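A.B. asks: dropping the sequence and predicted coords here.
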Amino acid sequence: LKSLQTYLRQIDEKRLTRCCEICLQGFENAGIEKKTYNRAAKELGISPTDMAAALDGLSGVFLACCKKQLSHSNFNMVARTLKLPESHTAIIYKFYSGNLEKIRTLLSKNSKRLAHYKNLNWRLELEMSRRSLHHDLKPSILLQLEMREGTRSRSELMQCDFSVMKEMCDQLELALKDVDSSHCRRMSNYVN
């Protein structure tokens, strides 16, 4: 953000408007290509590294504001910490407020989605004995895990012995206990 602050203090409103436009194009295209940095830097008369730093900083500001859905007064408080001129703050807020829903939609569309649990089927297989060994019990558990990714479903088959299954159950119980901890709630609030 320091490079963003120094860069934004040096440019005029026209260049800042162009940087905001390029930043929003980066959200639409799920990233900004290097040749776009170079072309925009040449167009605005600055170095490509300064342009990259400015666009990264602007996109960080837009992302943080969209995540918190800042109002105008809260946005102004954030902008004061960046020590930007009022005209620059107004331009950035105009782009933020005018494209808030668009940015949120693009980010949710381009973000990676993890598979979600749908169903679990299991079967216990018990090997009672073999030709060479009689009365040798060997339990084995076959799991079919069904997961949903967006609109499609997929299924995974796994086989494990009793000790591995017991360890998985213990770890899941431990994870469920950790979800209730204050540290986990704090991290959840931070991420969401």
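C.D. replies: Structure's in. What do you need?

A.B. asks: give the buried residues for the lengthiest helix in the chain.
C.D. replies: Across the chain, the longest stretch assigned as helix under DSSP state H is helix 48-68. By neighbour count on 16 or more other C-beta atoms under 10 Å, the buried set for helix 48-68 is 50-59, 61-62, 65-66. From N, CA and C alone the C-beta is placed, and that goes for glycine too.

A.B. asks: C-alpha coordinates for that helix, PDB please?
C.D. replies: C-alpha atoms of helix 48-68 as PDB (Å, rounded to 0.1, in the frame of the first residue of the first chain):
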ATOM      1  CA  PRO A  48       5.500  -0.800 -15.900                       C
ATOM      2  CA  THR A  49       6.500  -1.700 -12.300                       C
ATOM      3  CA  ASP A  50       4.900   1.400 -11.000                       C
ATOM      4  CA  MET A  51       1.800   0.600 -13.000                       C
ATOM      5  CA  ALA A  52       1.700  -3.000 -11.700                       C
ATOM      6  CA  ALA A  53       2.100  -1.700  -8.100                       C
ATOM      7  CA  ALA A  54      -0.700   0.800  -8.500                       C
ATOM      8  CA  LEU A  55      -3.100  -1.700 -10.000                       C
ATOM      9  CA  ASP A  56      -2.300  -4.300  -7.400                       C
ATOM     10  CA  GLY A  57      -2.900  -1.700  -4.700                       C
ATOM     11  CA  LEU A  58      -6.100  -0.500  -6.200                       C
ATOM     12  CA  SER A  59      -7.400  -4.000  -6.700                       C
ATOM     13  CA  GLY A  60      -6.500  -4.700  -3.000                       C
ATOM     14  CA  VAL A  61      -8.500  -1.600  -2.000                       C
ATOM     15  CA  PHE A  62     -11.500  -2.600  -4.100                       C
ATOM     16  CA  LEU A  63     -11.400  -6.200  -2.800                       C
ATOM     17  CA  ALA A  64     -11.200  -5.100   0.900                       C
ATOM     18  CA  CYS A  65     -14.000  -2.600   0.400                       C
ATOM     19  CA  CYS A  66     -16.200  -5.100  -1.400                       C
ATOM     20  CA  LYS A  67     -15.600  -7.800   1.200                       C
ATOM     21  CA  LYS A  68     -16.700  -5.400   4.000                       C
END
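
A.B. asks: next, the angle from the helix or strand that that helix is followed by to helix 48-68.
C.D. replies: Counting by DSSP states H and E, the next helix or strand C-terminal to helix 48-68 is helix 72-82. Interaxial angle, helix 72-82 versus helix 48-68 (axes from the mean of the first three to the mean of the last three C-alpha atoms, to 10 degrees): 150 degrees.
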